[in-house]
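Enquirer: Just to be clear, the model below is a prediction. Sequence and coordinates:
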Amino acid sequence: MINVINDLEVRALEKISQAKNVNELNETKAEFLGKKSPVSEIMGKMREFSVEQKKEIGGRVNQFKVAVEAAVLKRLEEIKEEEVNKKLASEEIDVTLPGKKFSKGSLHVLTKTIEELEDIFIGMGYQIAEGPEVEEDLYNFEMMNLPKDHPARDMQDTFYITETNLMRTHTSPVQARVMLEAKGKPIKVVCPGKVYRRDNDDATHSHQFMQIEGLVVDTNITMADLKGALTQVFSKILGENTKVRFRPSYFPFTEPSVEVDVTCFKCGGKGCPLCKGNGWIEVLGAGMVHPNVLRMAGYDPLKYQGFAFGIGIERITMLKYGIDDIRNFYTNDPRFIKQF
Ligand code: DAH
């Protein structure tokens, strides 16, 4: 009988050590210690044994039970630990794996040009000013020396909202606003922003585009100051050796007025397809602030002079990056936008 129990114990301990989970362990425990287990059967038959045998077998059965229970407890601890380890392993993070790529946005190329220009002007002592896009006829035209029925109003096809309100056709009205606010004091500002024209969109026209306006008002301001300022700006954005030249032109708000060319930054002035062979590229309109404009804004033109200029942001950007269609800026095609 003792041998039977010995064999049973070997089997029990082996099976317990092989239990894969708590369920299996409980089943094994029931198999060897439960009511229908072989040892229960042996205990049931105790009456049939002699006193000596009862003592011996009973003692052995007790040892068996203690051993089995201890083995079950031990295995239970092991199983728990195995489960924790399994969970940890499943949650393990490999920090050396390459990360997920997030596609990130970037500044629009026009914003880049504006920021670049603003930085240059700030470095030259200019302040940044802004004005409304829905503007009054008063500032957009009248205070820019373009009274009602002035033929030069035709130079800028206008989106009128009412008799007196319109979408500003240029950033020049900010000049009038800044001058009125400065109340006769010297001025040195640039004003970037959107402008609107009643044009049909094509490769070189857009019903909405951007400008940056410049205005300097002080005593003793001459065209040499204007040329010096523009030379400095364009040598920074288009290259150090860029030269600037003035051609006579006409704007109602400046007298004299000029159109400004820069030496072609692609060929350095020798002539190439970009500058259509003549070595110069037109970049902006400018001039000395018209005495009427100064006077209307509260400045005495005998004491104060000023220069002003209006740069087309798209034009500069197209030249700089070799972009041949203005509509690219506004159609939001990622293939275009991502290039900058
Ligand atoms: N406002 C003009 C335009 O949109 C550009 C311009 C020309 C602005 C001469 C100026 C200037 O300040 O002096 O065509």
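Expert: Nice, I can see it.
Enquirer: Could you pull out the strands in the stretch 151-300 of the chain for me?
Expert: Taking DSSP state E, counting those that start in this stretch as the criterion, the stretch 151-300 of the chain contains strands spanning 165-167, 187-196, 208-218, 244-251, 254-263, 280-289.
Enquirer: Out of those strands, which is closest to the ligand?
Expert: Taking C-beta to the nearest ligand atom as the measure, those were each checked against the ligand, and strand 280-289 came out nearest at 2.9 Å. All C-beta atoms are positioned from the backbone trio N, CA, C, and that covers glycine.
Enquirer: In terms of secondary structure, what does the closest one contact?
Expert: Contacts defined by 3 or more C-beta pairs under 8 Å, 6 or more residues apart in numbering; DSSP states H and E place strand 280-289 against strand 208-218, helix 223-238, strand 244-251, strand 254-263, strand 305-312, helix 313-321.
Enquirer: can you tell if that strand touches the ligand?
Expert: Yes: using C-beta under 6 Å from any ligand atom, we find that strand 280-289 touches the ligand at G285, A286, G287.
Enquirer: Over to stretch 122-142?
Expert: No: when contact is scored as C-beta under 6 Å from any ligand atom, no part of stretch 122-142 falls within range of the ligand; the minimum is 9.7 Å.
Enquirer: and the residue of the chain most remote from its centre, what pLDDT?
Expert: No residue in the chain has its C-alpha farther from the mean C-alpha position than S50, which lies at 93.0 Å (C-alpha atoms, centre = their mean). S50 carries a pLDDT value of 89.
Enquirer: do Q53 as well
Expert: The per-residue pLDDT reported for Q53 equals 86.
Enquirer: How about it, nearest residue that isn't a chain neighbour?
Expert: Across the structure, with C-beta to C-beta, 6 or more residues apart in numbering as the measure, the residue nearest Q53 apart from its sequence neighbours is M1 (7.3 Å).
Enquirer: which residues touch the one you found?
Expert: M1 sits next to I42, Q53, I57 when contact means C-beta atoms under 8 Å, 6 or more residues apart in numbering.
Enquirer: Please pick the buried ones from these.
Expert: I42, I57 (16 or more other C-beta atoms under 10 Å).
Enquirer: just for the stretch 101-250 of the chain, where's the confidence low?
Expert: For the stretch 101-250 of the chain, applying pLDDT under 70 flags no range at all.
Enquirer: Which residues of it lie near the ligand?
Expert: In this structure, the stretch 101-250 of the chain approaches the ligand at residues H170, S172, E213, judged by C-beta under 6 Å from any ligand atom.
Enquirer: ok so, going back, next, give phi and psi for the residue farthest from the centre of the chain.
Expert: Recorded main-chain torsions at S50 are phi -70, psi 170, according to degrees, to the nearest 10.
Enquirer: Show me what V217 is bridged to.
Expert: Bridge pairing for V217 (DSSP bridges) gives the partners I187, G306.
Enquirer: what's around it, how many residues?
Expert: Around V217 there are 25 other residues, counting by other C-beta atoms under 10 Å.
Enquirer: Contacts only, for it.
Expert: M179, A182, P186, I187, K188, V289, L294, Y299, Y304, Q305, G306.
Enquirer: ok, the third one - how many residues close by?
Expert: For P186, the tally of surrounding residues (other C-beta under 10 Å) stands at 13.
Enquirer: Can you tell me how far it is from L88?
Expert: Relative to L88, P186 is positioned 72 Å away (criterion: C-beta to C-beta, to the nearest Å).
Enquirer: Just the closest residue of the stretch 1-150 of the chain to the ligand, please.
Expert: Nearest residue of the stretch 1-150 of the chain to the ligand (C-beta to the nearest ligand atom) works out as M144 at 7.8 Å.
Enquirer: Isn't that residue up against F253?
Expert: Yes: between M144 and F253 there is a contact at 4.3 Å, judged by C-beta atoms under 8 Å.
Enquirer: so what's in contact with those two at the same time?
Expert: Between them, M144 and F253 have S172, Q175, V293 as joint contacts when contacts are counted by C-beta under 8 Å, 6+ apart.
Enquirer: Top of those by number of neighbours, please.
Expert: Among the shared contacts of M144 and F253, the one with the most neighbours (other C-beta under 10 Å) is S172, at 32 neighbours.
Enquirer: Which residue, other than its chain neighbours, is closest to that residue?
Expert: Skipping the residues right next to it in sequence, S172 comes nearest to M144 by C-beta to C-beta, 6+ apart, at 5.2 Å.
Enquirer: just how off-centre is the longest helix belonging to the chain within its chain?
Expert: For the chain, the helix that runs over the most residues, judged by DSSP state H, is helix 51-90. On the basis of C-alpha atoms, centre = their mean, to the nearest Å, helix 51-90 sits 64 Å off its chain's mean C-alpha point.
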